[in-house]
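**Q** what follows is a predicted protein model with its sequence.
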Amino acid sequence: MPLLDVKDLKTYFRTDDGIVHAVDGVSFSVEKGKTLAIVGESGCGKSVTCMTIMGLNAKRNTITEGQAIFKDRDLLKIDPDELRKIRGNEISMIFQDPMTSLNPVYTIGAQLREAVQLHENVSKQVANSRSVEMLKAVAIPRAETRMDDYPHQFSGGMRQRVMIAMALVNNPDLLIADEPTTALDVTTQAQILKLMNQLQRDFGSAIILVTHDLGVVAETADDVMVMYAAKAVEKGGYEDIFYRPEHPYTWGLLGSLPRLVAEGADLKPIPGTPPSLLQPPSGCRFHLRCTYAFSPCVPDVPELLPVGGESASDHAVACHLEPEFRRRESHDLLHEVMAEQQV
Amino acid sequence: MVRYVIRRLLWAVVLFIAVTLLTFIMFYVIPVNPAAMVAGKAATPAMIKQVTHDLYLDRPLYVQYGHFMKELVWNHSLGYSYGNRQSVNSIIEKAAPVTAAVVFGGAILWLLVAIPVGIYSALRPRSKGDRVAMVGVLAGISAHPVWVGYMLSLIVGYKLNLLPIQGYCNLRGASAGQSCGGPYDWFMHMLLPWITFAILYSAFYVRMIRSSVMETLNEDYVRTARAKGAPERTVIRRHALRNAMLPVVTMLGMDIALALGGAVFVEIVFGLPGLGYWAIQSVFTFDLPIVIGTVIFASIMVIIFNLLIDLLYAVIDPRIRLA
């Protein structure tokens, strides 16, 4: 039984312009100790999915439907106070921008201790020693003295380490990381990812990793869900998505990765821009940008169906193209990429 | 922290010199001959000349300024009124407590109103309560304190006869020639001035606190606090409000300091002999030492309060300490 089982999750926001369908029927599950990566362009609903699971959307203008079963409890329906006790304790979250995610007027020690004491009735000393331990675990030098420092005295990478320490201090079963490395430079990114992988091994937390960076996915994910315009277009194991991708959008994402290739080769962007979620396009939402689109793509919404073949059983794709054709194209694309790499 | 305080203090000195110099120049270049006024109506030209010399008015401006500063710094004297020869110090000593009573009482009142209303509006934007508050704000900002003061006097004081509408009573008991005194009389006489004063400012502050709190509630660290599992009360009190109050503290320092220089409208409307009242009276009679005295006193207040606020700021916001 999965740790978190999300079924047909829908999150709509009421705005002055109408209803934004930010997440429109997404299902996925996260296994204990595994990492699920949610991939997609900005505004495709990845972050909102996480915020909804955590119950962090503003209540006033949000409509939520579906299920998110975590340890026999539906996170979308339980009492807000019950959910609050789960937040930061059994499920933690870290965010994109470490520069602004810590409160500037409190020492990081105070903020770490608060995280402990919100969920456990322990003395300040106990909370303190656990916080220091956690800071050491995320490799912050001189952890004891740095407890008394304020966030502005830390670099971006160090702040993200503090955020991770704060998220893991209560040893959660699930860590939701919303673009944890996006605001960091590449070397710091690598360090943070390495740290997260290592902590996952040590603490055994499952991770939902939201990112638009396939490089990050390649380094950390067990499973991958590709989202486009508020829907999941492809789901599967890491190998399925990277070696046997079947959705034209996934092809586009993989094809647009910068590579070390022969001089003069251009980046291959996916043409066009993501559609408005106020009035999503009919049928397959990718049809406006898809070079393979044909007649059924415009009126009919493709279902997310298992692909079969040599893929694992949980590899699923939402596309009207013939499976045979998809497999051939996928194969060719992969060859093309390989060939480029060898130039 | 110590270096920060020293730097702020040095700045205060520079500011003080700049402000006194400017005031001095402004008032001493006004083409009125103060000596003629001091000497009186029947003065001969010789007498006027003598007085001009006594008042240092025949010396170059920088000598006058030097003399003025020397008197101020060494003897702590702001000079003497041209009109009645009273020392400006004693006038300010009597007027300052009146103004302070108006301003601090008013400030307490406007904060008591503005903080809860502002926070409420920020937490429930567009709710009925918020809309009522915002209409109130608009009315409060639009209504001139003179009008508000006279209307309150008319309705509460005159028609309903609930509160006195004129004059000031000593807090410590009646002084010679006064019919009232003591805390009760003082309080009753101050109520209408406070309300008048607070209406305008609480309108400003509700609006400012509302936007500041709303802005802070959208900060990432507030989201972090929620994600940590903090109850909404803790999120708001501990994480949002402290940050949201930073700009409010700044504004409060500025407003109180400025108002100490003379809550002119309120003092005039309610006949309170405070700094603003004296300043206006003296402008009409060209009693320049009193005008300069009140202006300088106000400037010193602004400087002191800015300093206090800066120090307070450093306590609230750790980022300032090292900057």
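**A** Yes, it's here.
**Q** up against chain B, what does the stretch 151-300 of chain A have?
**A** The stretch 151-300 of chain A comes close to chain B at residues A:152-153, A:163, A:166, as judged by C-beta under 8 Å from any C-beta of the partner chain. (Each C-beta comes from the backbone N, C-alpha and C, glycine too.)
**Q** from the residues you listed, which is closest to chain B?
**A** residue A:152 (5.0 Å; C-beta to the nearest C-beta).
**Q** what's the average pLDDT for stretch A:227-236?
**A** Averaging pLDDT along stretch A:227-236 gives 94.
**Q** so how far is that stretch from its chain's centroid?
**A** 12 Å (C-alpha atoms, centre = their mean, to the nearest Å).
**Q** start to end distance for it?
**A** One end of stretch A:227-236 sits 12 Å from the other (C-alpha to C-alpha, to the nearest Å).
**Q** tell me how many other residues surround residue 206.
**A** Chain wasn't specified; assuming chain A. 22 (other C-beta atoms under 10 Å in any protein chain shown).
**Q** other chain: chain B
**A** 27.
**Q** go on, residue A:238?
**A** 17.
**Q** likewise residue B:245?
**A** Using other C-beta under 10 Å, residue B:245 is surrounded by 17 other residues.
**Q** residue contacts, the nearest residue to residue A:304 once chain neighbours are set aside?
**A** Using C-beta to C-beta, 6 or more residues apart in numbering or on different chains and skipping residues adjacent in sequence, the residue nearest residue A:304 is residue A:318, 4.3 Å away. Counting by C-beta atoms under 8 Å, 6 or more residues apart in numbering or on different chains, residue A:318 makes contact with A:231-234, A:247, A:284, A:302-305.
**Q** one more: residue B:263?
**A** Taking C-beta under 8 Å, 6+ apart as the definition, contacts of residue B:263 comprise B:99, B:102-103, B:106, B:193, B:197, B:274, B:276.
**Q** what sits closest to it if chain neighbours are left out?
**A** In space, residue B:263 is closest to residue B:102, 4.8 Å off (C-beta to C-beta, 6+ apart).
**Q** and the one you found, which of the three is it?
**A** Of the three states, residue B:102 takes helix under DSSP: H, G, I helix; E, B strand; the rest coil.
**Q** got the domain ranges for the chain?
**A** Went with chain A since none was named. Domain ranges of chain A: A:4-221, A:226-342, per automatic domain parsing.
**Q** wait, chain B
**A** If you go by automatic domain parsing, chain B breaks into B:2-75, B:88-317.
**Q** and of these, who's closest to residue A:56?
**A** Taking C-beta to C-beta, domain B:88-317 is the member of those nearest to residue A:56, at 5.7 Å.
**Q** distance from the chain centre to the closest one, please.
**A** 8 Å.
**Q** and the helices in the stretch 151-300 of chain A?
**A** A:156-168, A:186-203, A:214-220, A:238-243, A:248-255 (DSSP state H, counting those that start in this stretch).
**Q** again with the stretch 1-150 of chain A
**A** A:46-54, A:80-86, A:98-101, A:108-117, A:124-137, A:143-146.
**Q** residue in chain B nearest to chain A?
**A** Counting by C-beta to the nearest C-beta, chain B gets nearest chain A through residue B:229, at 3.4 Å.
**Q** that residue in helix, strand or coil?
**A** coil.
**Q** which positions in the stretch 151-300 of chain B make contact with chain A?
**A** Checking the stretch 151-300 of chain B against chain A by C-beta under 8 Å from any C-beta, the hits are B:219-221, B:223-231, B:234, B:238-239, B:242-243.
**Q** in helices, which of these appear?
**A** Among these, the members found in helices (DSSP state H) are B:220-221, B:223-227, B:234, B:242-243.
**Q** farthest pair in those residues?
**A** Between any two of these (C-beta to C-beta), the greatest distance is 18.6 Å, for B:227 and B:242.
**Q** so between these two, which is more surrounded?
**A** residue B:227 (27 against 16).
**Q** bridged to the residue nearest to that one when sequence neighbours are not counted, which residues?
**A** Leaving aside its sequence neighbours, residue B:227 sits nearest to residue A:93 (C-beta to C-beta, 6+ apart; 4.4 Å). Note on residue A:93: beta-bridge partners by DSSP bridges are residue A:176.
**Q** next: residue A:207.
**A** residue A:35, residue A:175.
**Q** residues in contact with it?
**A** Here residue A:207 is in contact with A:34-36, A:174-177, A:196, A:200, A:220 (C-beta under 8 Å, 6+ apart).
**Q** what's the most distant pair in these?
**A** Across these (C-beta to C-beta), the longest gap, 14.8 Å, separates A:174 and A:220.
**Q** thinking again about what came up before, can you redo the contacts of residue A:318 as CSV with neighbour count?
**A** Listed next are the contacts of residue A:318 as CSV, based on neighbours: other C-beta atoms under 10 Å in any protein chain shown:
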residue, neighbour count
A:231, 23
A:232, 26
A:233, 25
A:234, 27
A:247, 29
A:284, 27
A:302, 20
A:303, 10
A:304, 18
A:305, 11
